[in-house]
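[1] What would the 3D arrangement of this be:
(4 chains)
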There are 4 protein chains.
Amino acid sequence: MDKSLNDYVKTADWKSEKHVPAIAAPEKVAAGETFEVEVSVGKEIPHPNTIEQHIVWIALHFVPEGSPVSEGIGRVGLSSHGSVASTASAAKFSLALQKGGEFHATAYCNLHGLWLSSCPARARRLEDKIGENR
Amino acid sequence: MDKSLNDYVKTADWKSEKHVPAIAAPEKVAAGETFEVEVSVGKEIPHPNTIEQHIVWIALHFVPEGSPVSEGIGRVGLSSHGSVASTASAAKFSLALQKGGEFHATAYCNLHGLWLSSCPARARRLEDKIGENR
Amino acid sequence: MDKSLNDYVKTADWKSEKHVPAIAAPEKVAAGETFEVEVSVGKEIPHPNTIEQHIVWIALHFVPEGSPVSEGIGRVGLSSHGSVASTASAAKFSLALQKGGEFHATAYCNLHGLWLSSCPARARRLEDKIGENR
Amino acid sequence: MDKSLNDYVKTADWKSEKHVPAIAAPEKVAAGETFEVEVSVGKEIPHPNTIEQHIVWIALHFVPEGSPVSEGIGRVGLSSHGSVASTASAAKFSLALQKGGEFHATAYCNLHGLWLSSCPARARRLEDKIGENR
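    Here you go, the predicted structure:
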């Protein structure tokens, strides 16, 4: 039986495995309101940031409630590792949603491959609160 | 039970589903020899290439035989869709391998999400032929 | 006389031209300290965020003082435009520096091309303050 | 006088400087016809491809004749450098044009920064030949 790429996309608890992206999003947002989502790798246990071993990119995806399709929000390439500048393995995306759903984040380490966060506590449900502010 | 992003990465036979990336690689290459791998979406059934519906990016991954880690080969962002220029949903990467393994390709459609090819015929095994030319 | 791509990279004051990236960085940081830099397009005059017209990506570069080489800090691809999700044309990078220099930001609009911010007020000089906190 | 990022984007003859991207495009194409453009760095003098020194990405741009705007065709991130796989610093984009213009290519080396090719011989003019095959 041949394997799919999915078989190589690893996950774990980000508190104990330094490669897993941690997603920080507000618990509730109003529909159409612009807010920030931070995705960071190595939040609890720092990941090395050297040219030999580093996080190459971090991506944020969103699946609207009831949808079978994952929508790309953004992807940040992290370019400097231990030179005069060092890009940390964290980025903040800014976005608005018309309805609720789930966030998913992926990250790639040049030595340890593809990682995914799918823990429900990190993929927070954003409730649809049209016309209501926080 | 919460879903993983993997649950939203779809696959199918590229001959009947226009979103699935087709991988064209030589059947055998010598170790260290530079060769091309073409990844194309819509090879048999063309995918629309308009600003409203298009393939946003295509990526190529490689898993060395026996390795638990998928290595990124490259990722091409396709930027022009129905303007003066139209970037086709196909790209050729150039690479060399030290040992055999499997290719996997992923692609993203702005309307229909993430697609993956994992059919063994498309993820061809490259044999390790050190010092031998084709 | 043939033109260079540089001839097509436009700039202006971000307060009056909605395509120019605005860079928000702290005025001083200590060497090695991790801090955030926000790059945003349309900060004063909002840029459209529709599938027909949107900011495709934003990149942040750094030139260490006295260096002839620009170093890539990061590049964020903004993927959703007027679907259920809309990625705003702003991102926050997180980084540390070993010495001072200048930031430069570039952005790409699918209709109006490449833009650059090089105004000294936005490319703030970060002073080298080893061992000193803000 | 403050510097612009453009002041750090270097160019030279790709035959004598290994960082400059070489563009290989057909001399004439018919409008709407799909064709390939190869962009390669180190075509004449190979560029190192190690984790310590490598080409990080290559991008292809197109300026339609008479237009003040550069259009992004594509950008390929090159991810493997001296591991089991090595992504060569070359990629082939596939595209169609509705009218003629000029190609421009950019590339980024993690040690030596941003490079651009703008030599007219490499930025070939594609003539508008509607309905005519090569």
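
[2] mind saving the C-alpha coords of the strand of greatest length in chain A as PDB?
    When chain A is parsed with DSSP state E, its longest strand is strand A:85-97. The C-alpha trace of strand A:85-97 is given here as PDB (Å, rounded to 0.1, in the frame of the first residue of the first chain):
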ATOM      1  CA  ALA A  85      19.200  39.100  11.400                       C
ATOM      2  CA  SER A  86      17.200  36.100  12.700                       C
ATOM      3  CA  THR A  87      13.600  35.800  11.700                       C
ATOM      4  CA  ALA A  88      11.800  34.200  14.600                       C
ATOM      5  CA  SER A  89       9.400  31.200  13.900                       C
ATOM      6  CA  ALA A  90       6.300  33.300  14.500                       C
ATOM      7  CA  ALA A  91       4.100  35.600  12.500                       C
ATOM      8  CA  LYS A  92       0.900  37.500  12.900                       C
ATOM      9  CA  PHE A  93      -1.700  37.400  10.200                       C
ATOM     10  CA  SER A  94      -4.500  39.900  10.100                       C
ATOM     11  CA  LEU A  95      -7.900  38.900   8.700                       C
ATOM     12  CA  ALA A  96     -11.700  39.200   8.800                       C
ATOM     13  CA  LEU A  97     -14.300  36.400   8.600                       C
END
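
[3] Determine how far it lies from the middle of the whole chain.
    Mean-position distance between strand A:85-97 and its chain equals 9 Å (C-alpha atoms, centre = their mean, to the nearest Å).

[4] got the residues of chain A near chain D?
    Applying C-beta under 8 Å from any C-beta of the partner chain, we find that chain A lies next to chain D at A:51, A:52, A:56, A:77, A:79, A:83, A:110. No exception for glycine: its C-beta is placed from N, CA and C like everyone else's.

[5] Could you tell me how many residues sit around the first one?
    Yep, that's residue A:51 we're talking about. 18 (other C-beta atoms under 10 Å in any protein chain shown).

[6] what about it, distance to residue A:87?
    12 Å (C-beta to C-beta, to the nearest Å).

[7] again with residue A:39
    From residue A:39 over to residue A:87 (counting by C-beta to C-beta), the distance is 13 Å.

[8] Please list the residues of chain A that sit near chain B.
    A:2-6, A:8-9, A:11, A:56, A:61, A:63, A:68-72, A:102, A:104, A:106, A:108, A:110-114, A:116, A:118-120, A:123.

[9] Now do the contacts for the closest residue to residue A:87 other than its chain neighbours.
    Excluding its sequence neighbours, the residue lying closest to residue A:87 (C-beta to C-beta, 6 or more residues apart in numbering or on different chains) is residue A:78, at 4.3 Å. With contact taken as C-beta atoms under 8 Å, 6 or more residues apart in numbering or on different chains, residue A:78 is in contact with A:54, A:55, A:56, A:57, A:58, A:87, A:88, A:89, A:91, C:74.

[10] any low-confidence regions in chain A?
    Within chain A, the stretches with pLDDT under 70 are A:1, A:118-134.

[11] Could you check the angle the longest strand of chain A makes with strand C:85-97?
    Put simply, strand A:85-97 runs at 160 degrees to strand C:85-97, going by axes from the mean of the first three to the mean of the last three C-alpha atoms, to 10 degrees.

[12] moving C-terminal of strand A:85-97, what's the next helix or strand?
    Counting by DSSP states H and E, the next helix or strand C-terminal to strand A:85-97 is strand A:101-109.

[13] hey, what's in contact with both of residue A:51 and residue A:87?
    Taking C-beta under 8 Å, 6+ apart as the contact rule, residue A:51 and residue A:87 both touch residue A:81.

[14] Quickly note the distance from the one residue sitting closest to the centre of chain A to residue A:40.
    Centrality entry for chain A: nearest residue to the mean C-alpha point is residue A:105, 2.8 Å, by C-alpha atoms, centre = their mean. Separation of residue A:105 from residue A:40 (C-beta to C-beta): 9 Å.

[15] okay, and the common contacts of the two?
    Common neighbours of residue A:105 and residue A:40, using C-beta under 8 Å, 6+ apart, are A:21, A:22, A:58.

[16] Name the SS class of the second one, please.
    Same thing as residue A:22. strand (DSSP: H, G, I helix; E, B strand; the rest coil).

[17] quick one: contacts for it?
    So residue A:22 contacts A:14, A:39, A:40, A:41, A:43, A:44, A:105, A:117, A:122 (C-beta under 8 Å, 6+ apart).

[18] Sounds good, over and out.
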